[in-house]
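Asks: Sequence and predicted model, in that order:
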4 protein chains.
Amino acid sequence: MNTFGELLRVTTFGESHGPAIGCVIDGCPPGVSIAPEDFVDDLARRATGRTRHTSQRHEADVVEILSGVYEGRTTGTPIALVVRNTDAKSKDYDAISQTFRPGHADYTYWQKYGHRDPRGGGRSSARETTMRVAAGVIAKRWLREKFGVRVRGHLAQIGDVVPRGFDWDAVEGNPFFWPDTAQVAELEAYMDALRKSGDSVGARITVVADGVPPGWGEPIYGKLDGELASALMSINAVKGVEIGDGFAVVAQHGSEHRDEITSDGFLSNHAGGILGGISTGQQVIVSAAFKPTSSLRLPARSLDLEGQPVEVVTHGRHDPCVGVRATPICEAMVALVLMDQALRHRAQCGDVGDVSPRIKPGKAKR
Amino acid sequence: MNTFGELLRVTTFGESHGPAIGCVIDGCPPGVSIAPEDFVDDLARRATGRTRHTSQRHEADVVEILSGVYEGRTTGTPIALVVRNTDAKSKDYDAISQTFRPGHADYTYWQKYGHRDPRGGGRSSARETTMRVAAGVIAKRWLREKFGVRVRGHLAQIGDVVPRGFDWDAVEGNPFFWPDTAQVAELEAYMDALRKSGDSVGARITVVADGVPPGWGEPIYGKLDGELASALMSINAVKGVEIGDGFAVVAQHGSEHRDEITSDGFLSNHAGGILGGISTGQQVIVSAAFKPTSSLRLPARSLDLEGQPVEVVTHGRHDPCVGVRATPICEAMVALVLMDQALRHRAQCGDVGDVSPRIKPGKAKR
Amino acid sequence: MNTFGELLRVTTFGESHGPAIGCVIDGCPPGVSIAPEDFVDDLARRATGRTRHTSQRHEADVVEILSGVYEGRTTGTPIALVVRNTDAKSKDYDAISQTFRPGHADYTYWQKYGHRDPRGGGRSSARETTMRVAAGVIAKRWLREKFGVRVRGHLAQIGDVVPRGFDWDAVEGNPFFWPDTAQVAELEAYMDALRKSGDSVGARITVVADGVPPGWGEPIYGKLDGELASALMSINAVKGVEIGDGFAVVAQHGSEHRDEITSDGFLSNHAGGILGGISTGQQVIVSAAFKPTSSLRLPARSLDLEGQPVEVVTHGRHDPCVGVRATPICEAMVALVLMDQALRHRAQCGDVGDVSPRIKPGKAKR
Amino acid sequence: MNTFGELLRVTTFGESHGPAIGCVIDGCPPGVSIAPEDFVDDLARRATGRTRHTSQRHEADVVEILSGVYEGRTTGTPIALVVRNTDAKSKDYDAISQTFRPGHADYTYWQKYGHRDPRGGGRSSARETTMRVAAGVIAKRWLREKFGVRVRGHLAQIGDVVPRGFDWDAVEGNPFFWPDTAQVAELEAYMDALRKSGDSVGARITVVADGVPPGWGEPIYGKLDGELASALMSINAVKGVEIGDGFAVVAQHGSEHRDEITSDGFLSNHAGGILGGISTGQQVIVSAAFKPTSSLRLPARSLDLEGQPVEVVTHGRHDPCVGVRATPICEAMVALVLMDQALRHRAQCGDVGDVSPRIKPGKAKR
């Protein structure tokens, strides 16, 4: 299905090369201030074509608000957003419309539905994530205004390069969302070489939410971490999700992993701010692994629609590293999950007042 | 919420030390043969107390079928299963009922609900997973009989020990679900030392589903991989989920990662059998990271209900490595996701007949 | 599916002649006081065998609480309730297990599932409504304690007999939930004659909720009236639902129907307390039509499992008027809808404080 | 929420006087042929301004398909439809924007959300039903092509006028969807007099679905009749819903009501084609009661936003009988419910083959 969330429900629609993409956001509380220009920044952060390191598709990404907002504020009715596709070059895809590109959803859509929209990947294109980012803008704002929650992400690895330093202020100052300014030139050279080689590489993105109060999360099947895992894994190209220390816990001992508590708060945050599926009041930390895109100038073996062997080469506009501009998408999904959980929490536990004792978040912070 | 799945819906209930745990399975097709004894094997595989390497709680885990089965076959009505708790030793927990155990859900439940059931972790105990395994028995059977799908898992890492060899036949022959018999003695020594030290360690589990036809999975938010991620992350102690190569993709190149296709089928399976959220017809491969349990004999700093510093030591029955008996739980969740997706697929795409060409799974197999 | 509600979710299970019936109530806020004896009154009001005017099946209807309650209060985890079947006389049904009883679900279950549980109607029996009443007890309590909402119902017509007077105090004083004590003897004679004749008759039940604040209800597809209609229509034997004046509106003029407003409040309540799917703050009034039971001693034509003509006569224990004991079932469904809507309302609109002006309910009251 | 259906999910959005209204249809099987012109007929049947007997708002109601259709066929991805509002005259509503119109949702939206969009009723306007009709076009087509199901409706009462004769062929030949051509002139005079008087009147609409196979419907809470009740009650102005004989069952005897069965099929259809929540294979018959509109030229007492008494007179464009053009809306909702249930049925019971014996629908037909 194409709907995400339980109480804040986002339904996206649209194909990469159809007339438009859009979404309907249902369940947003009334009174949130929102205007078309509020979407500009995050959509630009996600957009292609802003630097030479991403696909050269140039979309204006102008958001039209069709409903749900009156005199600059949400009314409580569904908010419909539409973005017209203006730079869809379907002819780029004529050559590949008769083949199944390796590593793409061509074959799986074909098997599922019995036919497919071959233009730019149709529905399976990352273009759909534009609307996730747009919806995330509203969630981020509500979380910020209502609870002081701040959601932000950064690139945490690209190929085998990892950050040497860490500074949130650096992240928005380079096209890679990289937390160490000193490495940016190195990354640019790395990406230029990659693009020239016709190949691609994977990436890891980490998102951190500050200010999440303790108590958010449904404890069994709608766990905060379970919903975050589902949310991030639903983004194109993601193959892994981690909460807090993630797979590093496999080699940890319990005496090291468990975050001890003193009057000054938690002494560490290996758990990534979630215990038993519920937020602890610390930073919520989640990471995702993005695979390298399979659309390459380097030829690959495949079959065509008749089942005959073909060689596939992609000449369309593609990203050498799809992770580079995925940071705002990950942030948006985390924000949507948090807002949904906040609404679910107050539905069931709205009667529960302030609970003491409240453990301080402690000094362990990213 | 306490319900898992869209069309095959499993609702679990019960606390670790309450009178019983149970589940209601809704949406199961009619005509599936099922009897109380069918649950015995998988529940025994998951159970505590069978070897010295797991918690010494001894539960008979006898499943009573309260509804939904008539003359040995499912009727299409909801199947209610109940397992009585018989070896609940609440007095073990008196000492800790006034504290927040580090690394446990004590504090988060307290903050969410304003009070908690302190007996054995209450609802947050891994005892709940008994019912997931029971529900999984039905899903496994249906998948096997209807589609020839086989779901099985194994331990893939414990601490820093990884399998040297791999043989499915070895997995069920040792208490660790370890795929290399030659290492079992080493693991037993490792676990004995760990138990003596009073500490614990993490683990990685991998589940493989053979025989999944291409086309299963909702392509945007109910993706097969997204649902698997949510399902595994919802298991107690899981901190990370991977599909196929998982986080290894970060350092891969696209030319290496993309699974090429020939007339003999896929040449590799880095994708773990899923592209665009939909199964490819290859093995579906998913892994989960289990954190080391935080219930240790080694003391830890924490606060009590009045917010005063305390030292927490756990004397109850606990597992030095919770991952050791989590393999059947992971298998169950994968089976439940697959059955749910199979039902969803035929709801929307039941009109789509055999689609050609069909790409062979290829030789890349675990 | 077998789950009712969005945020307060009730899943029922069990067959008329299986070992037990039960339900799982998920989403109930923590802290609601509840004990097994709290279910006694409403289950007795619904039970068969208390007077000669209902089926002579005698069930103890003892509720066992399996989970979700600790030290007398709900914990926020799912509440599982089980009632054992003790007076199931399956042999009564041997004769009819090979036929399709007219007016019953025998044939439709047979066609849907390919087989059926013939014992006492299996899942389609009104025995399932026991658990609705049990769940409703919790909803009624929460509504009463938290908002001062009171939900109560009465029989409003039986055959062609309608109440001459109306007094809430009369309702609980007779086995018919009839609001005019002066007519009770007449009704008893009517029912005795009916039972002797071997025939049955229909009934109308009206439920009134006092104290519902304005603003409850999802305005388009989860409308308060839409959910009430679905809830009541889901009760066995119901063939019609009305809100406020119901079908009488067809012949009304707008100038008569619209409830005018003055400083003293609404001047009438033709709308039944709901406008645009949202409560107005007046009494919420809803009615349901119950068909006459089809299980009669009078013979009827039908077919058997081989498609051959047969004559069906029912000798089992049945109600001459199923509506007689359906009042608590209707109340329970109304209470469950209201509690669910209250939770949904505060999820989305929990930020909206007191809104003025507040229109008074006015004097129009049942 | 603004989504209808479980497996065929329709989410509508838009306000009466906003830039556009629209919907997203999710879950539609692939391969259904659909084009913009397919919506023309049903939207025209529902539209205002076609005769003097409806509101004089003139909307072109041109449907733009934004997604989900490729080369004239549905792809299985979400279908987004948008209709621009072109004849919104907000100034008509300036006078009433400061009052709560009796019988309208003005006050309840105000209380729920803390503010409202006063232009033409905003979200609560019947304009929203345009998109239900559009979605229903797709459902009708799928039901017709796949199962031979035909869904059609007619006006069954207006004020105290009931049809004297009945002929399906007459229904589409007059602006009232009236089944007796001989009464049309009488109805026109009746409506002209009503319009002149400034008053309004209610109506009853009946919808009949032919060809529904036995077995559709979820037997407890997602009953076919329960879903139909919810669907019809969710239409603006509906205050009652009946299945088959509806409220007439209250005065019936069981020996009369139960539909007997012979080798020639069912002998009657008092049940309206549904038993135990599941279709019997007969005509599915459902009726709805529409209240008289409250927007009248006749003055009514009310309060303004400051709580002060005011006199409300409506000069905008309104229907003297909203039921007159509601027939296609009712048909659409019935078609959407049936398609949803068909998909749900094959999800769970897709393994159940042809079941014998099959009882014939019999001769009782409307």
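Replies: Alright, I've got the coordinates.
Asks: only C-alpha atoms for contact and neighbour calcs from this point on.
Replies: Noted.
Asks: Show me where chain A has its helices.
Replies: Taking DSSP state H as the test, the helices found in chain A are A:40-46, A:106-113, A:129-147, A:168-171, A:184-197, A:224-233, A:254-257, A:327-349.
Asks: quick one: which of the ones you listed is nearest D:Arg9?
Replies: Minimum separation from D:Arg9 across the helices of chain A (CA to CA) falls at helix A:106-113, 17.9 Å.
Asks: quick check, that closest one touching chain D?
Replies: Yes: Helix A:106-113 is in contact with chain D by CA under 8 Å from any CA of the partner chain, via A:Tyr113.
Asks: hmm, that helix in reach of chain B?
Replies: Yes: counting by CA under 8 Å from any CA, chain B has neighbours in helix A:106-113: A:107-113.
Asks: will you turn the residues you listed into CSV that also has pLDDT, distance to B:Gln157 and neighbour count?
Replies: Putting the residues of helix A:106-113 next to chain B into CSV (pLDDT from 0 to 100; distance: CA to CA, whole Å; neighbours: other CA atoms under 10 Å in any protein chain shown) gives the following:
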residue, pLDDT, distance to B:Gln157, neighbour count
A:Tyr107, 96, 33, 29
A:Thr108, 96, 31, 25
A:Tyr109, 96, 34, 31
A:Trp110, 96, 37, 21
A:Gln111, 96, 35, 28
A:Lys112, 96, 35, 30
A:Tyr113, 96, 38, 24
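Asks: Now flag whichever of those residues is closest to chain D.
Replies: Nearest to chain D among the residues of helix A:106-113 next to chain B, counting by CA to the nearest CA, is A:Tyr113 at 6.0 Å.
Asks: Might you report the residue contacts of the residue nearest to that closest one when sequence neighbours are not counted?
Replies: Distance criterion CA to CA, 6 or more residues apart in numbering or on different chains; nearest residue to A:Tyr113, sequence neighbours excluded, is D:Pro30 at 6.0 Å. Neighbouring residues of D:Pro30 by CA atoms under 8 Å, 6 or more residues apart in numbering or on different chains: A:113-114, B:348-349, B:352, D:73-77.
Asks: can you pick the most crowded of these?
Replies: Using other CA atoms under 10 Å in any protein chain shown as the neighbour test, the contacts of D:Pro30 are led by D:Thr77, with 29 neighbours.
Asks: Distance check, the nearest residue to that one once chain neighbours are set aside against A:Gly18.
Replies: Take D:Thr77 and drop its neighbours on the chain: the residue closest to it by CA to CA, 6+ apart is D:Gly68, 4.9 Å away. D:Gly68 is 9 Å from A:Gly18, where distance means CA to CA, to the nearest Å.
Asks: Repeat that for A:Tyr190.
Replies: In terms of CA to CA, A:Tyr190 sits 34 Å off from A:Gly18.
Asks: which of these two has more neighbours?
Replies: A:Gly18 (23 against 14).
Asks: was I right about that one contacting D:Ser67?
Replies: Yes: using CA atoms under 8 Å, A:Gly18 is in contact with D:Ser67, at 6.4 Å.
Asks: Please list the residues of chain A that sit near chain C.
Replies: A:7, A:27-30, A:76, A:343-352.
Asks: Quick check: the gap between A:Arg318 and B:Val207.
Replies: In this structure residue A:318 is His, not Arg. Taken as CA to CA, the span from A:His318 to B:Val207 is 33 Å.
Asks: and what of A:Phe247?
Replies: 16 Å.
Asks: Grab the most central residue of chain A for me.
Replies: Centroid-nearest residue in chain A: A:Cys330, 2.2 Å away (criterion: CA atoms, centre = their mean).
Asks: from memory that one sits against A:His154, does it?
Replies: No: with contact defined as CA under 8 Å, A:Cys330 does not count as touching A:His154 (9.4 Å).
Asks: tell me, what's touching those two both at once?
Replies: Joint contacts of A:Cys330 and A:His154 (CA under 8 Å, 6+ apart) are A:205, A:207.
Asks: one step back: show the model's pLDDT score for the residue nearest to A:Tyr113.
Replies: Note on D:Pro30: pLDDT of 97.
Asks: cool, and A:Lys89?
Replies: For A:Lys89, pLDDT reads 66.
Asks: same check, this time on A:Gly316
Replies: What the model reports for A:Gly316 is a pLDDT of 66.
Asks: same check, this time on the one 3 residues further on
Replies: Confidence per residue is given as pLDDT, and for A:Asp319 that number is 80.
Asks: who's in contact with it?
Replies: A:Asp319 neighbours (CA under 8 Å, 6+ apart): A:53-55, A:200, A:293.
Asks: tell me the two of the residues you listed that are most distant?
Replies: That would be A:His53 and A:Thr293, which, of the contacts of A:Asp319, are the farthest apart (CA to CA) at 13.3 Å.
Asks: Comparing those two, which residue is more hemmed in?
Replies: A:Thr293 (25 against 22).
Asks: Against A:Asp199, how distant is the residue lying closest to the more buried one once chain neighbours are set aside?
Replies: Closest residue in space to A:Thr293, ignoring its immediate chain neighbours: B:Gly254 at 5.6 Å, by CA to CA, 6+ apart. Taking CA to CA as the measure, B:Gly254 falls 6 Å from A:Asp199.
Asks: Quickly list what's touching both of the two.
Replies: Common neighbours of B:Gly254 and A:Asp199 (CA under 8 Å, 6+ apart) are A:Leu296.
Asks: related to what we said a few turns ago, for D:His270, state which of the contacts of D:Pro30 is nearest.
Replies: For the contacts of D:Pro30, the nearest to D:His270 is B:Gln348 (33.1 Å; CA to CA).
Asks: Please name the residues that touch the closest residue to that closest one other than its chain neighbours.
Replies: Leaving aside its chain neighbours, B:Gln348 sits nearest to D:Pro29 (4.9 Å; criterion: CA to CA, 6+ apart). By CA under 8 Å, 6+ apart, D:Pro29 lies in contact with B:348-349, B:351, D:74-76.
Asks: Reformat those residues into TSV and put pLDDT next to each item.
Replies: Formatted as TSV, these follow (pLDDT from 0 to 100):
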residue	pLDDT
B:Gln348	97
B:Cys349	97
B:Asp351	90
D:Thr74	97
D:Thr75	96
D:Gly76	96
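Asks: quick revisit: when A:His318 and B:Val207 are compared, which one has more neighbours?
Replies: The residue with more neighbours, out of A:His318 and B:Val207, is B:Val207; 26 against 22, by other CA under 10 Å.
Asks: Neighbours of the residue lying closest to that one once chain neighbours are set aside, how many?
Replies: If the residues on either side of it in the chain are set aside, B:Val207 comes closest to B:Gly153, at 4.0 Å by CA to CA, 6+ apart. As a burial measure, B:Gly153 scores 27 neighbours (other CA under 10 Å).
Asks: what about B:Gly153, distance to B:Asp169?
Replies: For B:Gly153 relative to B:Asp169 (CA to CA), the value is 12 Å.
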